[in-house]
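Enquirer: sequence and predicted structure, then a few things I'm wondering about:
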There are 2 protein chains.
Amino acid sequence: MGEQVSVSLLGLGVVGSGVVKLIENHQEELAHRLGCSVQVKSILVRDIEKVRDVSIDQTLLTTDPNDILQDPEVDVVVEVMGGIKESFQHILDAFSAKKHVVTANKDLVALHGPELQQAADKNHCDFYYEASVAGGIPILRGITDGLSSDRIQQVMGIVNGTTNYILTKMNNEGVSYENALKEAQELGFAESDPTADVEGLDAARKMAILGRLAFSTDIELSEVEVAGIKNLDLEDLKYGERLGYTMKLIGFASCENGQVEVNVQPTLLSKDHPLADVKNEYNAVYVYGEAVGETMFYGPGAGSLPTATAVVSDLVTVIKNMKLGVSGHSAVKPRFKKELKTADKRLGQYYIRLHVKDEVGAFSTISSLFNTFNISFKRILQTPVKKHEVAEIILVTHQTSLETFNHSLHDLKNLDVVMEVKSYYKVEGDVEREMAGVTKTL
Amino acid sequence: MGEQVSVSLLGLGVVGSGVVKLIENHQEELAHRLGCSVQVKSILVRDIEKVRDVSIDQTLLTTDPNDILQDPEVDVVVEVMGGIKESFQHILDAFSAKKHVVTANKDLVALHGPELQQAADKNHCDFYYEASVAGGIPILRGITDGLSSDRIQQVMGIVNGTTNYILTKMNNEGVSYENALKEAQELGFAESDPTADVEGLDAARKMAILGRLAFSTDIELSEVEVAGIKNLDLEDLKYGERLGYTMKLIGFASCENGQVEVNVQPTLLSKDHPLADVKNEYNAVYVYGEAVGETMFYGPGAGSLPTATAVVSDLVTVIKNMKLGVSGHSAVKPRFKKELKTADKRLGQYYIRLHVKDEVGAFSTISSLFNTFNISFKRILQTPVKKHEVAEIILVTHQTSLETFNHSLHDLKNLDVVMEVKSYYKVEGDVEREMAGVTKTL
């Protein structure tokens, strides 16, 4: 390695174009920071002739991955092509050829991160993937370096911009899910096929990655429970609003004594919680550390240039390590084998909306049932329903275990006075607060 | 350096005790992360007999700094004693003895950071000071590593917990400055002598440090303009509220083409701005990067354990560097000599509250005056005042230069119809919004 470091890209889409622009525009700063220049040596594309919105020297483009992976002059490979199978193999090949790798590919890191890290370690190569979680927010460094001395107990993330945009519209403007999705698609915040986003899978990938780094343990993508936002009813958002909550798709990860829980689900978040103010397409990750307490990292979760800053910041780290001769030392091996928390250990508060027969003693029957499960209520709201002889009751429980809650829900459905359990959601970030017109405790 | 790294502390106050606790409690994690154990070897105190709230082996304590600074077995010195003169000399002595230094001392780093960095570089030592800005928030790493590929254009910080607590009380509960301060003192969020906090000097120190790292240039503490919150009038907070702003003590730093501006002043912040939701004693730093756009880092700005996490995270980095043999390479030298922005280049919006004679043509006279300065209004609010023949007018300008604003203010005071300019504040984070009862544009 001389006075110039050669970087090659696999892919030249939205993120790849941003990376090329950033490297070109920030040559002077990069040279100052690194003491050498950074050159884009070659770029793998599917179609060389395609018209692109970044002006690029056509001679850099190739359709043959071996032009990059077998080029001894290439020091670092930036994988921004997405997908799983091909990119997985390319990165393994890059490591075999002793090239360092930076990737923005969350799907791949969520599925195969640990294997790729092993391959990197074996070849004394660096492997960084800051851009794979929450775009421009330097959250992985925040966890691995900034809070490296602390014991992280909880991570909560709004890590999918599409769903956060949709929920912001639904919360603030009372727009239906369908219309909010349509608007997000028109503005480019949602893909034409939004399945991975609205069903929570995209967020689950990021939570698997965050959980691994935060708790220093292995977490498989398949171990992340997922629920999406497709079936949300505006009614519940409105009741949430009245009770002091805002509906968010929350990625939740917690760790106590090696017992881990990671999931993604629509959650009613107290408006006092720092994440509650994260609006539109923005992302944020809330980290609770035993010593530091509450911290939050906020910023753009996607977009060409924001994501590219994360890629190029990783690149800066990789090049620094090369110059210092310390490549391949960054990763911290998982510290312990985790156990997944069983339902009896997963504590939480819950919101439940019921339709009950509007008759004497109905509420008493319901509250007795919860009483037998030792579940008490934090908030109760009863409102008339247009239909005759039906009352709508909203309950917010105090903390209980998921197991107990599920049992109570089962028995609730069998009660004669309960016509329908309309919905139930997890509640997070709640604190004692006075609210007009709401009975706080039973 | 063997299988154990020896760390000594200068000082055992609030932060020092937290550092000792954290190192003791997290031995297992530190050993996993570093591959070696971390031992507290000695601690400089003023009074060995003093009763402390951390249980400590008395034999570690010494009142002679040379027991630490001249002990060849001490690898890293953690300076948490505060003050300037003594700690400055101790750190220089530590570097001379080839010891790495981690400090939480914002006063010292703000005043002598560049000299200390030079001494560290000269001796191939590491010098880290994450804890000096915003306690537990890993913001210095966020700027120097996480956003290392970007060109940072603006940093805005709520970097003083005391004043943010006081302002939150004043904003949300209409409590007077004096009572809010008293409450903050009772809760331990304000010192018995709160001068450095309420006059903005503490925030100025942190902004000088942030500005240097964000813009990669030299910034002297004396170049940071400072205004505090002591003379705030609740009236202005109430008007701010009506107009969609919240009053915050904002540290502001911006850089355009090597032209820099750094100041601390009470600022009316749009409620849409991410910093507007930062409440009570919490801190947050908002960073605007050319490529990444808006990011924010939020967390506890003070406290024993939160600040200690920053110190120990720095310690982890220092020890990693020692093990890798790359100590003394972390600092990035200032990239350019800055110029301070002159008043004609400092653009901003302003809030002005006036008492004017309640007579025909008064408003027209005032608006003509602003018109001659080419200053237009974003919001205008006129309310009756109890005194007869006086009208109170609140104006929020569109963007103008500080120079032009100052001229207009001078001329305004000389207008016959203007009885008094009651107050004026900078406005930040404003965007076009519909507000009931407020004329938006003249």
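Expert: Happy to help now that I have it.
Enquirer: select the longest helix from chain A.
Expert: helix A:304-324 (DSSP state H).
Enquirer: now that helix against helix B:304-324, angle please.
Expert: Taking axes from the mean of the first three to the mean of the last three C-alpha atoms, to 10 degrees, one finds helix A:304-324 and helix B:304-324 inclined to each other by 50 degrees.
Enquirer: which strands and helices sit next to helix A:304-324?
Expert: Other helices and strands packing on helix A:304-324, by 3 or more C-beta pairs under 8 Å, 6 or more residues apart in numbering or on different chains; DSSP states H and E, are strand A:4-10, helix A:14-25, helix A:27-34, strand A:76-79, strand A:100-103, strand A:127-128. Every C-beta, even on glycine, is put in place using the N, C-alpha and C of the backbone.
Enquirer: quick one: the longest one near chain B?
Expert: Yes. Counting by C-beta under 8 Å from any C-beta of the partner chain, contacts between helix A:14-25 and chain B involve A:18, A:22.
Enquirer: report the buried residues of that helix.
Expert: A:14-23 (16 or more other C-beta atoms under 10 Å in any protein chain shown).
Enquirer: may I have it as CSV, with CA atoms only?
Expert: Taking C-alpha atoms only, helix A:14-25 is exported to CSV below (Å, rounded to 0.1, in the frame of the first residue of the first chain):
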residue,chain,number,x,y,z
VAL,A,14,-28.5,4.5,-4.7
VAL,A,15,-25.9,3.9,-2.0
GLY,A,16,-23.1,3.1,-4.4
SER,A,17,-23.6,6.4,-6.3
GLY,A,18,-23.5,8.2,-3.0
VAL,A,19,-20.3,6.5,-2.0
VAL,A,20,-18.6,7.5,-5.3
LYS,A,21,-19.8,11.1,-4.9
LEU,A,22,-18.6,11.4,-1.3
ILE,A,23,-15.2,10.0,-2.1
GLU,A,24,-14.8,12.4,-5.0
ASN,A,25,-16.1,15.5,-3.2
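Enquirer: between strand A:4-10 and that helix, find me the angle.
Expert: Using the same axes, to 10 degrees: helix A:14-25 against strand A:4-10 is 160 degrees.
Enquirer: please compute how far helix A:14-25 lies from its chain's middle.
Expert: Relative to the mean C-alpha coordinate of its chain, helix A:14-25 is positioned 24 Å out (C-alpha atoms, centre = their mean, to the nearest Å).
Enquirer: where in the stretch 51-200 of chain A is pLDDT low?
Expert: Within the stretch 51-200 of chain A, not a single segment meets pLDDT under 70.
Enquirer: quick one: name the residues of it near chain B.
Expert: A:130, A:136-138, A:141-142, A:145-151.
Enquirer: kindly recompute the last result at 7 Å.
Expert: Contact residues, the stretch 51-200 of chain A versus chain B (C-beta under 7 Å from any C-beta of the partner chain): A:136-138, A:141-142, A:145-151.
Enquirer: of these, closest to B:A203?
Expert: A:G146 (21.2 Å; C-beta to C-beta).
Enquirer: and the pLDDT at A:D233?
Expert: Reported pLDDT at A:D233 in the predicted model: 96.
Enquirer: so how far is chain B from it?
Expert: Distance from A:D233 to chain B, counting by C-beta to the nearest C-beta, to the nearest Å: 27 Å.
Enquirer: give me the nearest residue to that residue, chain neighbours excluded.
Expert: Nearest non-adjacent residue to A:D233, counting by C-beta to C-beta, 6 or more residues apart in numbering or on different chains: A:S423, 6.1 Å away.
Enquirer: looking at the buried residues of helix A:14-25, which is nearest chain B?
Expert: A:L22 (5.8 Å; C-beta to the nearest C-beta).
Enquirer: and A:E223, how far is that from A:Q259?
Expert: 13 Å (C-beta to C-beta, to the nearest Å).
Enquirer: before we move on, what about A:N164?
Expert: Distance of A:N164 to A:Q259, given as C-beta to C-beta: 29 Å.
Enquirer: who has more neighbours, those two?
Expert: A:N164 (27 against 14; other C-beta atoms under 10 Å in any protein chain shown).
Enquirer: quick check: the more buried one touching A:E281?
Expert: Yes. If you go by C-beta atoms under 7 Å, A:N164 and A:E281 touch, sitting 6.4 Å apart.
Enquirer: between these two, which contacts overlap?
Expert: Common contacts of A:N164 and A:E281 (C-beta atoms under 7 Å, 6 or more residues apart in numbering or on different chains): none found.
Enquirer: tally of neighbours for A:L9?
Expert: 29.
Enquirer: whoops, A:E86 was the one
Expert: There are 15 residues near A:E86, going by other C-beta under 10 Å.
Enquirer: show me the contacts for it.
Expert: No contacts exist for A:E86 under C-beta under 7 Å, 6+ apart.
Enquirer: any idea how far chain B is from it?
Expert: 26 Å.
Enquirer: check which helix or strand A:G211 maps to.
Expert: helix A:201-215 (DSSP states H and E).
Enquirer: I'd like the next helix or strand past that helix.
Expert: strand A:225-226.
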